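**Student:** Following is a predicted model, sequence given first.
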Amino acid sequence: MQVQRWLPLESNPDVMNQFVRQLGMCSTWQFVDVYGMDAELLSLVPRPVCAVLLLFPITEKYELFQAEEEEKIKAQGQEVGTSVYFMKQTINNACGTIGLIHAVANNRDKLNFDQDSALQKFLENSWSMSPSERAKYLEQDESIRVTHECSAQEGQTEAPSIDEKVDLHFIAFVHQQGYLYELDGRKHFPISHGRTSEETLLEDAIEVCRKFMQRDPNELRFTVIALSKA
């Protein structure tokens, strides 16, 4: 069966806000740029923050690290809270949408949705599914696909061809039950990065983002976006 391929979503908070609004999420929370990682620039980010998105390049160094990380976790194990919503990525270039779903799904208690919202309906119907089942369910969700396609055309830069190989990837960081989780649909499971809190989520997620940058010091293609209270 042919793998679905979507246009990549731009790492632009305006595009992301429009995308989740069109799917019925109310504007009480919004995506905002994180302009830098030092304390002064982090202080400009509106609080509280309930999720952090990282766009980064998939390089040879990262692929090597990812393989080592997976082997280590499989050998040593890790605790993952039962409340963490995680889904796999089976659609090419859908990582932006999956990052947004991870951010929203793990903060349903804080967010508000329009009645009969497509996004809320997707979350409700997929809540009891496995990560792979959620991926298949997204493949069949026409309202999210169409909204993604429209949003992918809305960015400040020209959307690439749908067949163009894209080596940039979105992941989400969320707080659940006192722990910081990295949610990446390319991976087999969430990654626990230790303790965090609602108050320190941004700073703790940024520390993990720093490690991504340190692994590829010659790369400049990193973008961080926070989901903040409006």
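**Tutor:** Done, it's in.

**Student:** Now the most centrally placed residue in the chain: which helix or strand?
**Tutor:** For the chain, the residue nearest the mean C-alpha position is Gly99 (2.1 Å; C-alpha atoms, centre = their mean). Element membership for Gly99 (DSSP states H and E) is helix 95-105.

**Student:** Average pLDDT for the helix or strand immediately after that helix in the chain, rounded please.
**Tutor:** Past helix 95-105, further along toward the C-terminus, the next helix or strand under DSSP H and E is helix 118-126. Model confidence over helix 118-126 averages 97 on the pLDDT scale.

**Student:** which intervals of the protein have sub-threshold pLDDT?
**Tutor:** Within the chain, the segments meeting pLDDT under 70 span 1-2, 155-166.

**Student:** neighbours around Ser197, how many?
**Tutor:** The local packing count at Ser197 equals 12, with neighbours defined by other C-beta atoms under 10 Å. For every residue, glycine as well, the C-beta is placed using N, CA and C.

**Student:** wait, I meant Val174
**Tutor:** The burial count assigned to Val174 is 26, neighbours taken as other C-beta under 10 Å.

**Student:** How is it assigned, secondary-structure-wise?
**Tutor:** strand (DSSP: H, G, I helix; E, B strand; the rest coil).

**Student:** how far away is Ser130 from Thr200?
**Tutor:** The gap separating Ser130 from Thr200 is 31 Å, by C-beta to C-beta, to the nearest Å.

**Student:** Could you tell me which other helices and strands the lengthiest helix in the chain packs against?
**Tutor:** In the chain, taking DSSP state H as the definition, the longest helix is helix 60-76. Helices and strands touching helix 60-76, by 3 or more C-beta pairs under 8 Å, 6 or more residues apart in numbering; DSSP states H and E, are helix 201-215.

**Student:** Can you name the next helix or strand after the helix it packs on?
**Tutor:** Toward the C-terminal end, the helix or strand that comes next after helix 201-215 (DSSP H and E) is strand 223-229.

**Student:** Next, the residues that contact that next one from outside, please.
**Tutor:** Applying C-beta atoms under 8 Å, 6 or more residues apart in numbering, the external contacts of strand 223-229 come out as 11, 13, 16, 28-34, 37, 45-55, 103-104, 107, 202, 206, 209.

**Student:** now stretch 46-54
**Tutor:** Where contact means C-beta under 8 Å, 6+ apart, the residues beyond stretch 46-54 that reach it are 11, 16, 29, 31-32, 34, 99-100, 102-104, 106-107, 110, 170-175, 198-199, 201-202, 205-206, 209, 212, 222-230.

**Student:** one more time with 7 Å, if that's ok
**Tutor:** In this structure, residues lying in contact with stretch 46-54 by C-beta atoms under 7 Å, 6 or more residues apart in numbering are 29, 32, 99, 103, 106-107, 110, 170-174, 198, 201-202, 205, 209, 212, 224-229.

**Student:** quick one: buried residues of it?
**Tutor:** Residues of stretch 46-54 classed as buried under the neighbour-count rule (16 or more other C-beta atoms under 10 Å) are 49-54.

**Student:** Also stretch 202-221?
**Tutor:** In stretch 202-221, counting by 16+ other C-beta under 10 Å, buried: 202, 204-206, 208-209, 212, 216.

**Student:** Just the CA atoms of the regular element (helix or strand) spanning Phe19, as CSV, please.
**Tutor:** Secondary structure here is read from DSSP H and E; on that basis Phe19 sits in helix 13-22. The C-alpha atoms that make up helix 13-22 are tabulated as CSV, following Å, rounded to 0.1, in the frame of the first residue of the first chain:
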residue,chain,number,x,y,z
PRO,A,13,3.3,30.1,15.2
ASP,A,14,0.8,32.0,13.1
VAL,A,15,0.3,29.0,10.8
MET,A,16,0.0,26.7,13.7
ASN,A,17,-2.5,28.9,15.5
GLN,A,18,-4.6,29.1,12.4
PHE,A,19,-4.4,25.3,11.9
VAL,A,20,-5.7,24.4,15.4
ARG,A,21,-8.3,27.2,15.3
GLN,A,22,-9.7,25.7,12.1
